[in-house]
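Asks: mind folding the following:
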Amino acid sequence: MFDSLADRLGGVLTRLTRRGALSESDVAAAMREVRVALLEADVALPVVKDFIDKVSLEAVGEKVIKSVTPGQMVVKIVHDQLVAMLGGENVSGGIDFGAQPPVPVLMVGLQGSGKTTTTAKIANRLQLKDRKKVLMVSLDTYRPAAQQQLAILGGQVGVVSLPIIEGQKPLDIAKRGINEAKLGGFDVVIFDTAGRTTVDDDMMTEVAALRDLIKPHETLLVTDAMIGQDSVATATAFHNTVGLTGIVLTRVDSDARGGAALSMRAVTGQPIKYIGLGEKVDAIDVFQPARIAGRILGMGDVVSLVERATENIKQEDAEKLAARMMEGKFDLDDMLSQIRQVQKMGDLKGLMGMIPGLGAAAKQMAASKIDDGAVKRQEAIILSMTPKERRNPDLIKASRKQRIANGSGTGVSDVNKLLKQHQDMSTMMKRMKKMGGIGALSAMMGKGLPGMMPGMRGPGGPPMGRR
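Replies: Have a look, this model is predicted:
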């Protein structure tokens, strides 16, 4: 979502860091470009003005001008102000459990914002990661099959949803949900309210009545990042009526300009609690201002990358592969293992965007039209080989290549590319062993890290890690 803004800000700040010294006019010129970049990203004008004023005030100070690296100091100031704009260093996303169980959570928002799906996503995350027993209650009696949709989603992720009684009104359903949550010993009860295509009096009256009955500890607005500044206006209207405690942004994985996310906290005063990152039920993350600011400025998000690796890769598998690499061994079974580990962690472009300095390589990959389909084709090629061929790739000659290509639905050229990639990686493993094992990894950065998938080095582009 922040790609365009990241490109613009990255260009401006890179020019500053290349200068040996900075004058006030240099900073002023850079801030004009930053202002335009933020406005083009659909950030609200008052938020842009406040941001530029604060950065400019610090950036022309004596501490920066006399710094050994003034450009880097300005980058840090911009980063810190972005973090502040998004909520601050000490803001913790997610649900606040500081209430008597069952903690009531009220989900509000317009129709089409992804409220029902987000309810299931949050419930699934609370159950899996926070070890909470969650009850979901659908109060949407207007949209056809809305209650059934929540029940189906609950069944898919193993989260309990309140049984449906046809003809029951929202307030009566809410009362039944509260009682069931108390009797069933639930930790959290999430109420999914009805939405409208626009904010109207009837919807607000109903939501206010439900709030008075439920007395939610958290009232979360679900809003679509694609609708830009309209989402800020929606958030303001809901906050004025029912009193929000947080915001959930959906479709953050889209090509939206990102201004809504940057404006939301500053305009409403309420934190962004979660961000939706895709259609899958586990595609939701707790919002962390410092991590988002790091991604916008091309600093990556190593913490999220490590967390994702920890969640998706078994320690024994990683240790087994590392031991073989230390021995200088790397066959096609090892390559298949790495491919599958990367697939578990998500799409390659998203993963590369988390690694500091590799944003440009991720864009090269996108420009080269190399996607996760290429990784799946790699897996299919290796699976079309015999166990003996995987252990000894030298056996794979012309006739075998044709058989493998036919079996995997690819071409011989694709088989050749994979074998060449494996050969390069195997050579690197042997070289690392001679140079002292894993300690030589930094020396290999210019060649690409072991386990990198195709496309992580754009055609004709610089090797990743060498800038």
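Asks: in a helix, P163, correct?
Replies: No - P163 is assigned coil when assessed by DSSP: H, G, I helix; E, B strand; the rest coil, not a helix.
Asks: ok, it to M264 distance?
Replies: P163 sits at a distance of 36 Å from M264 (criterion: Cβ to Cβ, to the nearest Å). To be clear about C-beta, it is placed using only N, CA and C from the backbone, and glycine gets the same treatment.
Asks: between these two, which one's more packed in?
Replies: The residue with more neighbours, out of P163 and M264, is M264; 27 against 9, by other Cβ atoms under 10 Å.
Asks: quick one: contacts for the more buried one?
Replies: 223, 231-232, 235, 247, 249, 270, 272 (Cβ atoms under 8 Å, 6 or more residues apart in numbering).
Asks: how about it, secondary structure?
Replies: Going by three-state DSSP, the state assigned to M264 is helix.
Asks: separation between it and L336?
Replies: 43 Å.
Asks: again, but for A235
Replies: From A235 to L336 the distance is 46 Å (Cβ to Cβ).
Asks: which one of the two has more residues nearby?
Replies: Higher neighbour count among A235 and L336: A235, with 22 against 17, using other Cβ under 10 Å.
Asks: quick check: closest non-adjacent residue to the more buried one.
Replies: T268 (4.8 Å; Cβ to Cβ, 6 or more residues apart in numbering).
Asks: for burial, what's the neighbour tally of that neighbour?
Replies: When neighbours are defined as other Cβ under 10 Å, T268 has 20 of them.
Asks: likewise for G294?
Replies: 21.
Asks: which SS class is it?
Replies: Under three-state DSSP, G294 falls in the helix class.
Asks: quick one: it and H79 touch, right?
Replies: Yes - shown here, G294 and H79 form a contact pair, counting by Cβ atoms under 8 Å, at 7.3 Å.
Asks: SS state for T410?
Replies: Under three-state DSSP, T410 falls in the coil class.
Asks: can you name the residues that contact S56?
Replies: So S56 contacts 27-28, 31 (Cβ under 8 Å, 6+ apart).
Asks: measure it to M85 for me?
Replies: 15 Å.
Asks: please apply the same query to R377.
Replies: 42 Å.
Asks: now swap in M204 and tell me
Replies: From M204 to M85 the distance is 28 Å (Cβ to Cβ).
Asks: what number of residues lie near the nearest residue to E279 once chain neighbours are set aside?
Replies: Taking Cβ to Cβ, 6+ apart, and ignoring the residues beside it in sequence, E279 has T117 as its nearest neighbour in space, at 8.0 Å. T117 has 21 neighbouring residues, counting by other Cβ under 10 Å.
Asks: what helix or strand is T117 on?
Replies: Here T117 sits within helix 115-129, counting by DSSP states H and E.
Asks: which helices and strands does the helix or strand just after that helix pack with?
Replies: Sequence-wise, the next helix or strand downstream of helix 115-129 (DSSP H and E) is strand 134-138. If contacts are counted by 3 or more Cβ pairs under 8 Å, 6 or more residues apart in numbering; DSSP states H and E, strand 134-138 sits against helix 115-129, helix 146-157, strand 160-161, helix 170-183, strand 188-192.
Asks: partner strands of strand 134-138 and their direction?
Replies: Strand 134-138 sits in its sheet next to strand 160-161 (parallel), strand 188-192 (parallel), going by DSSP bridges.
Asks: can you list those strands in TSV and add mean pLDDT?
Replies: Below are the strands paired with strand 134-138 laid out as TSV (pLDDT from 0 to 100):
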stretch	mean pLDDT
strand 160-161	95
strand 188-192	96
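Asks: what separates whichever strand or helix holds L82 from the chain centre, distance-wise?
Replies: Using DSSP H and E, L82 maps to helix 70-86. For helix 70-86, the gap between its own C-alpha mean and the chain's C-alpha mean amounts to 21 Å (Cα atoms, centre = their mean, to the nearest Å).
Asks: ok, now stretch 129-136?
Replies: 22 Å.
Asks: got the contact list for it?
Replies: Outside stretch 129-136, the residues touching it (Cβ under 8 Å, 6+ apart) are 94-95, 97, 102, 119-120, 123, 126-127, 150, 154, 159-162, 177, 180-181, 184-190, 192.
Asks: can you select the buried ones among the contacts of S56 for me in PyMOL?
Replies: In PyMOL, selecting the buried portion of these, with burial taken from 16 or more other Cβ atoms under 10 Å, looks like this:
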select buried, resi 27+31
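Asks: rewinding a little: quick one: buried residues of the helix holding T117?
Replies: By neighbour count on 16+ other Cβ under 10 Å, the buried set for helix 115-129 is 115-127.
Asks: got a pLDDT number for the residue of the chain most remote from its centre?
Replies: Residue farthest from the centre of the chain, counting by Cα atoms, centre = their mean, is S399 at 43.8 Å. As predicted, S399 sits at a pLDDT of 89.
Asks: the one residue sitting closest to the centre of the chain and T250, how far apart?
Replies: The centroid of the chain falls nearest to L277 when counting by Cα atoms, centre = their mean (5.4 Å). Distance of L277 to T250, computed by Cβ to Cβ: 9 Å.
Asks: tally of neighbours for D53?
Replies: Residues within reach of D53, counting by other Cβ under 10 Å, total 11.
Asks: what's the distance between Q147 and S426?
Replies: 56 Å.
Asks: for D224, same thing?
Replies: D224 is 47 Å from S426, by Cβ to Cβ.
Asks: same check, this time on E218
Replies: E218 is 52 Å from S426, by Cβ to Cβ.
Asks: same question, L16
Replies: 43 Å.
Asks: go on, D414?
Replies: For D414, the distance to S426 - Cβ to Cβ - is 19 Å.
Asks: repeat for P144
Replies: Taking Cβ to Cβ, one finds P144 at 57 Å from S426.
Asks: looking at these two, which is more packed in?
Replies: Neighbours per residue (other Cβ under 10 Å) separate P144 from S426, with S426 holding more: 19 against 8.
Asks: the more buried one contacts F330, doesn't it?
Replies: Yes - taking Cβ under 8 Å as the definition, S426 is a contact partner of F330 at 4.6 Å.
Asks: can you pull the buried residues of the helix or strand hosting A405?
Replies: Taking DSSP H and E as the criterion, A405 maps to helix 398-408. Under the neighbour-count criterion of 16+ other Cβ under 10 Å, helix 398-408 has 401, 403-405, 408 buried.
Asks: now those residues in a markdown table, please, with extra columns for distance to E389.
Replies: As requested, these are exported to a markdown table (distance: Cβ to Cβ, whole Å):
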| residue | distance to E389 |
| --- | --- |
| K401 | 10 |
| R403 | 10 |
| I404 | 8 |
| A405 | 13 |
| S408 | 13 |
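Asks: which one of the residues you listed is nearest I214?
Replies: S408 (54.4 Å; Cβ to Cβ).
Asks: measure the closest one to R390 for me?
Replies: For S408 relative to R390 (Cβ to Cβ), the value is 13 Å.
Asks: follow-up on the earlier one: in a markdown table, list the contacts of M264 along with distance to V60.
Replies: Below are those laid out as a markdown table (distance: Cβ to Cβ, whole Å):
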| residue | distance to V60 |
| --- | --- |
| T223 | 36 |
| S231 | 34 |
| V232 | 30 |
| A235 | 34 |
| I247 | 34 |
| L249 | 34 |
| Q270 | 32 |
| I272 | 31 |
